[in-house]
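Novice: Quick check, what structure comes out for this input:
(chains A and B)
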Amino acid sequence: MPPIRTYHQLTDADRSGLPQQIGAQRRRVADRLAAVGRVIAVMSGKGGVGKSYVTAHLARALARSGRAVGVLDADLNGPTIPRLLEIEHSPLPTSQSGIEPATGADGVKSISMAMLLEDGAPLAFKGPSAESFVWRGAMEAAALRELLGDVAWGALDTLLLDLPPGMQRYIELCDILGAAPAVLTVTIPTAESRDAVRRAMRAAVEHGSPLLGIVENMVGPQFVGTAGDDLADEFAVPVLARIPWHPAPDTWNELGARL
Amino acid sequence: MKFLCVDCDRQMAFEERHLPGDGTLAATFKCPTCGRVVGLLTNPMETQLVSSLGVEIGGRTVPEQPLESVRKMVSTGRDDAFEEAPASNGAPAWSAEAQERLARVPNFVRGMVKRIYGDYAKERGIAEITPAVMDTARGELGLEGM
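Specialist: Model (predicted):
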């Protein structure tokens, strides 16, 4: 049998056009975000440090200062932003042009998987469950892409993305956006948090994300350590805020003003 | 993904996509020289993987809908997640039987399905959507489970 030609040697149009379909998805996101001044990923690499809490209160502070702000809850499996933004459920107006985001406290716009799921239900997908490990990641990435590209954010000064612990969602985000977003890092003072957050910050630097600075959360006698200062020194970024257990409103306003 | 008719040394052309409803996909490709047709059959896991990317073998048949993947694939979506915009003037009517059939579609995805059928009928000048129209559209557009 003679050698057969290879994929790249076949030059007729591929009607499936999968690369073109993927390209169209990327353009949809880019078009939607064209009216967004800046996208900031709030991340940590460590769970339980208060990323969502910081994201929501920062968004509110920015909104109180007169800016148009949106929050995309990218924690698809553990969404908490609606509660933090005091958003009561109501159906999201929908048309061919997109989904209207909900509006929460201080006028912050938001979208969250919590608005789409049955109360208390986990994010579950249809499909062959036996092999779900193969495609679940792709499905979550598709959901993130749609939350970015199909929500009618309108003109925003800032879109904050509340990322879950770990790096997977951040990497997906870089891929979907086609560029690494600016990153705001949240840690608590402990050495354990510092070590986990350091890895995330290194990954962010490697992907090309500008590091805006560090928010040290839960500062007080309960957690001992110097994670904020250590990371600030190591990455040459500022500690933008130290959030005590019971912060005053000014704490958030000052953080907003420093961003 | 491309198919080569080795005998003719010609790239085969995509013909049709079938979604039989059991989670699998079948696509046919035809050699433009000798007319030979071959079928690509994917198992449920492979089919799911392609769907998870939000792409369609053979190309898209309808414009991408807002939150399409989420609405098609999430099994725990709430019934009252979305409030669909009212149909525009000139939108096709729905027969009672078609409405009954549409009502069996989970609410989470129903608005999107209704819009797809509505656009299909409008583009073809169909004044009333009936179960027969839905069947035709489903076949032509490859709408599994809609």
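Novice: wait, does the least confident helix or strand in chain B by mean pLDDT contact chain A?
Specialist: Lowest mean confidence among the helices and strands of chain B (mean pLDDT, DSSP states H and E): helix B:44-52, at a mean of 83. Yes - contact check for helix B:44-52 against chain A, using C-beta under 8 Å from any C-beta of the partner chain: residues in range are B:44, B:45, B:48, B:49, B:51, B:52. Where you see a C-beta, it was placed from the backbone N, CA and C, and this is true even at glycine.
Novice: Separate out the buried members of these.
Specialist: Burial of those was assessed by neighbour count (16 or more other C-beta atoms under 10 Å in any protein chain shown); the buried members are B:45, B:48, B:49, B:51, B:52.
Novice: if we can go back for a sec, now do the least confident helix or strand of chain B: which elements does it pack against?
Specialist: helix A:132-149, strand B:25-30, helix B:68-73 (3 or more C-beta pairs under 8 Å, 6 or more residues apart in numbering or on different chains; DSSP states H and E).
Novice: Report the angle between whichever helix or strand comes after the longest one and helix A:132-149.
Specialist: Beyond helix A:132-149 on the C-terminal side, the first helix or strand identified by DSSP states H and E is strand A:156-162. In this structure, strand A:156-162 runs at an angle of 160 degrees to helix A:132-149, with axes from the mean of the first three to the mean of the last three C-alpha atoms, to 10 degrees as the basis.
Novice: other SSEs contacting strand A:156-162?
Specialist: Judged by 3+ C-beta pairs under 8 Å, 6+ apart, strand A:156-162 is in contact with strand A:36-43, helix A:51-64, strand A:69-73.
Novice: for the ones you listed, which one ends up most surrounded?
Specialist: Ranked by average neighbour count under the criterion mean count of other C-beta atoms under 10 Å in any protein chain shown, the helices and strands packed on strand A:156-162 are headed by strand A:69-73 at a mean of 26.
Novice: Figure out how far the least confident helix or strand of chain B is from the centre of its chain.
Specialist: 15 Å (C-alpha atoms, centre = their mean, to the nearest Å).
Novice: How about residues contacting that helix?
Specialist: A:127-128, A:130-131, A:134-136, A:138-139, A:142, B:22-25, B:42, B:56-57, B:69, B:72-73 (C-beta atoms under 8 Å, 6 or more residues apart in numbering or on different chains).
Novice: again, only using 6 Å
Specialist: Surrounding helix B:44-52, the residues in contact under the criterion C-beta atoms under 6 Å, 6 or more residues apart in numbering or on different chains are A:127, A:128, A:131, A:134, A:135, A:138, A:139, A:142, B:23, B:24, B:25.
Novice: Would you state the helices of the chain in chain order?
Specialist: With no chain named, the answer covers chain A. Secondary structure of chain A (DSSP state H): helices at A:18-33, A:51-64, A:81-84, A:132-149, A:168-177, A:191-207, A:227-235, A:249-258.
Novice: I was thinking of chain B, sorry if that wasn't clear
Specialist: Ranges of helices within chain B are B:44-52, B:68-73, B:96-103, B:107-123, B:131-141, based on DSSP H.
Novice: coming back round to it: any idea of the angle the least confident helix or strand of chain B forms with helix A:132-149?
Specialist: Using the same axes, to 10 degrees: helix B:44-52 against helix A:132-149 is 10 degrees.
Novice: residues from chain B in reach of chain A?
Specialist: B:2, B:6, B:11, B:14, B:44-45, B:48-49, B:52-55, B:57-59, B:66-67, B:69-70, B:73, B:75-78, B:80-85 (C-beta under 6 Å from any C-beta of the partner chain).
Novice: Are any of those buried, and if so which?
Specialist: The neighbour-count criterion (16+ other C-beta under 10 Å) marks B:2, B:11, B:14, B:45, B:48-49, B:52-55, B:57-58, B:66-67, B:69-70, B:73, B:76-78, B:81-82 among these as buried.
Novice: Output the below-cut-off pLDDT ranges for chain A.
Specialist: With pLDDT under 70 as the threshold, chain A has low-confidence stretches at A:1-2, A:130.
Novice: Next, name the residue at the spatial heart of it.
Specialist: Among the residues of chain A, the one closest to the centroid is residue A:161, at 2.9 Å (C-alpha atoms, centre = their mean).
Novice: Just want to check the distance between it and residue A:92.
Specialist: Distance, residue A:161 to residue A:92, by C-beta to C-beta, to the nearest Å: 18 Å.
Novice: Next one: the nearest residue to residue A:230 once chain neighbours are set aside from residue A:158, what distance?
Specialist: Nearest in space to residue A:230, with sequence neighbours left out and distances taken as C-beta to C-beta, 6 or more residues apart in numbering or on different chains, is residue A:194 at 5.4 Å. Spatial separation of residue A:194 from residue A:158 under the definition C-beta to C-beta is 27 Å.
Novice: for residue A:224, same thing?
Specialist: 33 Å.
Novice: now residue B:9
Specialist: The spacing between residue B:9 and residue A:158, counted by C-beta to C-beta, is 57 Å.
Novice: next one: residue A:132
Specialist: Spatial separation of residue A:132 from residue A:158 under the definition C-beta to C-beta is 35 Å.
Novice: So for the two, which sits in the more crowded spot?
Specialist: Neighbours around residue A:132 and residue A:158, counted as other C-beta atoms under 10 Å in any protein chain shown, are more numerous at residue A:158. The numbers are 21 against 15.
Novice: That one contacts residue A:71, correct?
Specialist: No - using C-beta atoms under 6 Å as the test, residue A:158 is too far from residue A:71 to be in contact (9.3 Å).
Novice: Domain map for chain B?
Specialist: In terms of domains, chain B is parsed into B:1-59, B:63-146 (source: automatic domain parsing).
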